[in-house]
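Undergrad: Next input, structure requested:
(chains A and B)
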Amino acid sequence: MKRRSTFAVTAVGAIAALLISACSSSSGTSSASSGSSSTTTTGFNAGITSVVNPSSKTGGTLTYDVRGTPDSFDPGNTYYAWVLDFDHLFTMPLFGYKSCPGSCGLQIVPDLATSMGTTSDNGLTWTFHIQSGVKFENGTVVTAQDVKYGIERTYDRSVLANGPTYYQALLTDPTYPGPYKDRAKNLMGLTAIQTPNATTLVFHLQAPFPDLPDVLAFPSSAPVLPSADTGTNYQLHPLSTGPYKFKSYTLNKQLTLVPNTEWNAATDPNAKQLASQIIVNLNVNQADLDNRLIAGDADIDAYGAGVGPAAQAKILSNPALKADADNPVNGFARFVYISTKVAPLNNLHCREAVEYAADKTTLQTAWGGPIAGGQIASTIMPPNIVGYKSFDYYTALTKPGGNVTAAKAQLAACGQPNGFSTNMAYRSDNPQETAEATALQASLAAVGIKLTLKGFPSGPYYTDFAGDPAYVHSHDIGLAGGGWGADWPDGYGFLDELLNGNSIAATGNTNISEINDPVINKLFTQSNTATGAARTAIWSQIDEQAMKDAVILPAVYQKVLLYRNPAVTNAYVQAYYGMYNYAVMGVNS
Amino acid sequence: MIYFIIRRLILTVFLLVLVSLITFAIFFLVPRLAGQTTYQLAAQYVGRNPIPSEIKAVEVKLGLNAPLYLQYGRYIKGIVAGTHYNNGTDVSYCPFPCFGYSFRNDQPVWPQLISDAPVTLSIAVGAAVLWVIGGVSIGVLSALRRGTFFDRFSMGIALAGVSLPVFFTGLIALELFSYKWSLFPNVHYVGITTNPLLWARNLILPWITLAFLYAALYARLTRAGMLETMGEDYIRTARAKGLPERQVVVKHGLRAALTPIVTIFGLDLGLLLGGAILTETTFSMPGLGEFTILAIQNQDLPEIEGVVMIASFFIVVANMIVDILYAVVDPRVRF
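TA: Residues are numbered from 1 along each chain as shown, chains lettered A, B, ... in the order given. The predicted model follows:
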């Protein structure tokens, strides 16, 4: 709040300063040159379950437009979903997600690594081997030391501020300062990772963590050649190990990639080198971008958040355009936290009354409807998470308009037969969440639950308001709008921060319901040692238990309307990202 | 005349220093008065989940914990001669003219401004030529044919031009001429040195859109000025002397009517060179306007500061040129 008001004063002042001074066809597609194409598959949503226009044709220019700018193209300094997807064109992290449509794309597979690694020391030590013969774009062979250095540099947040901080949280030696502080002294100084030879990496963990390969699927585990590291300027030309390399990059404006001649397809089966050039136009106006897509001037909106409202209407009303669109879930869930600490919602039956009474169709409409908003949710995890299981405890799917009878029965069991009053926090600068709060207020009123809406700005929402348990208790915040997207597509990545009792924090709390259910906590503990199907089963058990506890009211599994230029080949939605797989696309004339 | 120009140059430098002082105070003094600590300011450079020692290191490196007058001195030194950022273990150099480092990109601000400037320059200058020629011509003709269909029609169009915002006319222009009829397909910025023809072709719509707004304004101003001037006694005298009507209109009427137009033109062009925000956003042209929008969205103070300074520079210089032109036209201004 303070930062915003300060900023407003500054902005007004800047304008005042200006006033004082006043007082005195390159096209999106081009011809393909060689190769062959196989049977064309197309149609609305074809890209969710199959490869659209499968082809091995090479040549042509592939044009990506992006509505915004990247947080950084430095593989060690990014957290944006579209950049994580896009980075595979020029980086090879230790792991990745298998390049294929449908749920197959949720499968984690080795990328630079040769296998999924081995653990020892009761899960505290992981050993990985990397492929030999992988080269940087300058011809230098990649070594394990380069991978270690790539990870080391992410420790210095004053240089690389944007990426996740899992290494510091998981590995021993969490206070390692990074190689920039004293380059000569600390280069390769991270004791948590050892490199006994040029192809072996040994990671030492503070505690067992079965999802370590998922952490190593972030681009930050891609190798960085120490002599080529230019610190904050590395984003302008990261040394490629992928199928493409930087030809030119004007910060936040345009990136041009060309084939990396040192790349070997045999070492990188999850990426392809088809187009002879890839152009990325950044910070393109959304309306202009949508029109360029439909006109064929651009091939794909790499941002992956879907087309704007005007283009949605145009695409959905035109069968020819609709056949070139996909409407996948993008891995993000929208929901409402229900507090277990604020009376009378500390009573399970009162929480269940809210679950039953909510009109899910109006919540869906608030988020943009079934196409641009999402699919009505009955579980906490969305379908593109490993461990997802469909169930419906509160008739969200069978009676989406709300189940008044069941809600009233629960109110009676709760000792509040005429309803009760409570407050709901929401982000007032988010129009959809505001609409959601208003819709929920209306549907709960039908059973006598009086909801008073309390809007807060997004910036301090989790630090000062909904995410501050003391504030929640003192201001009787019974419900709070929320949403979640996992850093990797399994139940741990999605559920731990929301439902683990250990996640309750004094500020920045994401377990806003403050659920501390011993059953759930025990399942999380078991997940640290379980493997395979047994571990996957734990995620749905946690999801079901949390829904039985009625601590979250699911609204929608978020969906987006993506459009692909029909000239694009090998187009499909990579389930993990909920957007097209940019590493395998080509273009036809 | 020389003394006048020197005086104006000194005043221009003084104004720029004043603007820099105010801008600096707004970005670094006002937040402090509002309760923001230098530690919090430094935290904006370090991203999410930073550890306190890293924030402290940035605070020391950028000198944010130094007295404000020292920081301002360093800021001016950076602009004039470049500066070093140093916290003992981490040293980096920001070359002349240094406007600091972006919070978001951790890159010096000046090279970004410079790389954006050609886009804005291309849009603003091209549009300015169109609107001056179009606006003044229509204004003169309307004044000379006052009350005719042409006058009413052109002034009606001018009213529409003034009323319709660029993001509306721009989107309509794109929809019709680029997407529907494909007269200007795939509009995007191409550097003049890369392909001059494509540069001009892709800028025609932005030029026309922007010029439509300004030409309308200039047409109305010129018409009003001409109507007033053509009613003056000296115009009647000129006609009585037997001067050809063309000479009366152009040499005696238009010259006098243009004086206020020149003043406004200087200001308008100066402002536009600081960023044609709506035009650049509508046509997705990556100039100073888009840079400004991004900087504001990211609350990137050094970038905003840089934009304010460069926009101020253009406005002040444009004003100076206008003042000098005034002095040429009217010697009384020199004293």
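
Undergrad: contacting residues around the closest residue to residue A:328 other than its chain neighbours?
TA: Closest residue to residue A:328 apart from its sequence neighbours, by Cβ to Cβ, 6 or more residues apart in numbering or on different chains: residue A:573 at 4.6 Å. For the C-beta atoms, the positions are set from N, CA and C on the backbone; glycine is no exception. Neighbouring residues of residue A:573 by Cβ atoms under 8 Å, 6 or more residues apart in numbering or on different chains: A:47-48, A:101, A:105, A:326, A:328, A:562, A:579-581.

Undergrad: What's the local residue count around residue A:131?
TA: Per other Cβ atoms under 10 Å in any protein chain shown, the neighbour tally for residue A:131 reads 17.

Undergrad: number of nearby residues for the residue nearest to it when sequence neighbours are not counted?
TA: Nearest residue to residue A:131, sequence neighbours excluded (Cβ to Cβ, 6+ apart): residue A:267, at 5.2 Å. A count of nearby residues for residue A:267, using other Cβ under 10 Å, gives 18.

Undergrad: what does residue B:192 give?
TA: 15.

Undergrad: circling back: quick one: which of the contacts of residue A:573 sit in helices?
TA: Per DSSP state H, helices hold the following members of these: A:47-48.

Undergrad: For whichever residue of the stretch 51-200 of chain A sits closest to chain B, which three-state class applies?
TA: For the stretch 51-200 of chain A and chain B, the shortest gap (Cβ to the nearest Cβ) falls at residue A:161, measuring 2.5 Å. Three-state secondary structure (criterion: DSSP: H, G, I helix; E, B strand; the rest coil) places residue A:161 in coil.

Undergrad: and it, how many neighbours?
TA: Residue A:161: 25 surrounding residues under other Cβ under 10 Å.

Undergrad: Could you do residue A:580 as well?
TA: Around residue A:580 there are 28 residues (other Cβ under 10 Å).

Undergrad: Run through the bridge partners of it.
TA: Each beta-bridge partner of residue A:580 is listed here: residue A:573, as defined by DSSP bridges.

Undergrad: go on, residue A:454?
TA: On DSSP bridges, the residues paired with residue A:454 through beta bridges are residue A:425.

Undergrad: Is it in contact with residue A:477, as I believe?
TA: Yes - using Cβ atoms under 8 Å, residue A:454 and residue A:477 qualify as a contacting pair, with a distance of 6.9 Å.

Undergrad: and residue A:132, what does it touch?
TA: Residue A:132 makes contacts with A:141, A:198-199, as judged by Cβ under 8 Å, 6+ apart.

Undergrad: Check residue A:27 and give its pLDDT.
TA: Residue A:27 carries a pLDDT value of 35.

Undergrad: Residue A:492 and chain B, how far apart?
TA: With distances defined as Cβ to the nearest Cβ, to the nearest Å, the gap from residue A:492 to chain B amounts to 19 Å.

Undergrad: okay, that residue: pLDDT?
TA: Residue A:492 carries a pLDDT score of 92 in this model.

Undergrad: Is it in contact with residue A:527, as I believe?
TA: Yes - contact between residue A:492 and residue A:527 holds when scored by Cβ under 8 Å: they sit 6.2 Å apart.

Undergrad: quick one, what contacts the residue nearest to residue B:144 when sequence neighbours are not counted?
TA: Closest residue to residue B:144 in three dimensions, ignoring its sequence neighbours and counting by Cβ to Cβ, 6+ apart: residue B:249, at 6.7 Å. Contact analysis of residue B:249 by Cβ under 8 Å, 6+ apart lists B:140, B:144, B:230.

Undergrad: And the residues you listed, which is closest to residue B:316?
TA: Set against residue B:316, the nearest of the contacts of residue B:249 by Cβ to Cβ is residue B:140 (30.6 Å).

Undergrad: can you count the residues close to that closest one?
TA: Residues contacting residue B:140 under the criterion other Cβ under 10 Å number 22.

Undergrad: mind checking the SS state of it?
TA: Taking three-state DSSP, the label given to residue B:140 is helix.

Undergrad: For the chain, which residues score under the pLDDT cut-off?
TA: You didn't pick a chain, so chain A it is. Within chain A, the ranges that satisfy pLDDT under 70 run A:1-41, A:182-186, A:589.

Undergrad: nope, chain B
TA: Filtered on pLDDT under 70, chain B yields the residue ranges B:46-51, B:87-90, B:329-335.

Undergrad: And the strands in it?
TA: When secondary structure is read from DSSP state E, chain B shows strands at B:83-86, B:91-94.

Undergrad: can you check the stretch 451-589 of chain A too?
TA: According to DSSP state E, counting those that start in this stretch, the stretch 451-589 of chain A carries its strands in the segments A:477-485, A:552-559, A:562-563, A:568-569, A:573-574, A:579-580, A:586-587.

Undergrad: So in that sheet, which strands flank the second one, and in what orientation?
TA: Strand A:552-559 sits in its sheet next to strand A:329-338 (antiparallel), strand A:374-376 (antiparallel), going by DSSP bridges.

Undergrad: can you redo these as CSV with distance to residue A:238 and mean neighbour count?
TA: Listed next are the strands paired with strand A:552-559 as CSV, based on distance: least, Cβ to Cβ, whole Å; neighbours: other Cβ atoms under 10 Å in any protein chain shown:
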stretch, distance to residue A:238, mean neighbour count
strand A:329-338, 26, 24
strand A:374-376, 34, 20
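
Undergrad: Could you dump the ones you listed into TSV and include distance to residue B:284?
TA: TSV is the format used below for the strands paired with strand A:552-559 (distance: least, Cβ to Cβ, whole Å):
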stretch	distance to residue B:284
strand A:329-338	24
strand A:374-376	28
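
Undergrad: out of the ones you listed, which comes closest to residue A:96?
TA: Among the strands paired with strand A:552-559, the nearest to residue A:96 by Cβ to Cβ is strand A:329-338 (16.1 Å).

Undergrad: Give me the distance from that closest one to the chain's centre.
TA: Once both centres are worked out by Cα atoms, centre = their mean, to the nearest Å, strand A:329-338 turns out to sit 12 Å from its chain's centre.

Undergrad: got it, and stretch B:318-330?
TA: In terms of Cα atoms, centre = their mean, the centre of stretch B:318-330 is set 18 Å apart from its chain centre.

Undergrad: One more: stretch A:487-496?
TA: Per Cα atoms, centre = their mean, the displacement of stretch A:487-496 from the mean C-alpha position of its chain is 11 Å.

Undergrad: Could I have the CA atoms of that stretch written out in CSV?
TA: Below are the C-alpha coordinates for stretch A:487-496, written out as CSV (Å, rounded to 0.1, in the frame of the first residue of the first chain):
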residue,chain,number,x,y,z
ASP,A,487,5.7,-24.7,-10.5
TRP,A,488,5.7,-28.3,-11.7
PRO,A,489,2.8,-30.5,-12.6
ASP,A,490,2.4,-32.8,-9.7
GLY,A,491,0.5,-32.7,-6.5
TYR,A,492,3.4,-31.5,-4.4
GLY,A,493,3.9,-28.5,-6.7
PHE,A,494,0.2,-27.7,-6.5
LEU,A,495,-0.9,-28.6,-3.0
ASP,A,496,1.9,-28.1,-0.6
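
Undergrad: Can you list the neighbours in contact with that stretch?
TA: Outside of stretch A:487-496, the residues that reach it under the criterion Cβ under 8 Å, 6+ apart are A:97, A:106, A:108, A:164, A:166, A:210-211, A:214-215, A:217-218, A:331, A:333, A:380-382, A:384-387, A:484, A:486, A:503, A:524, A:527, A:536, A:538-540, A:542-543, A:546, A:575-576.

Undergrad: Identify the residue nearest residue A:213 in space, chain neighbours excluded?
TA: residue A:95 (4.8 Å).
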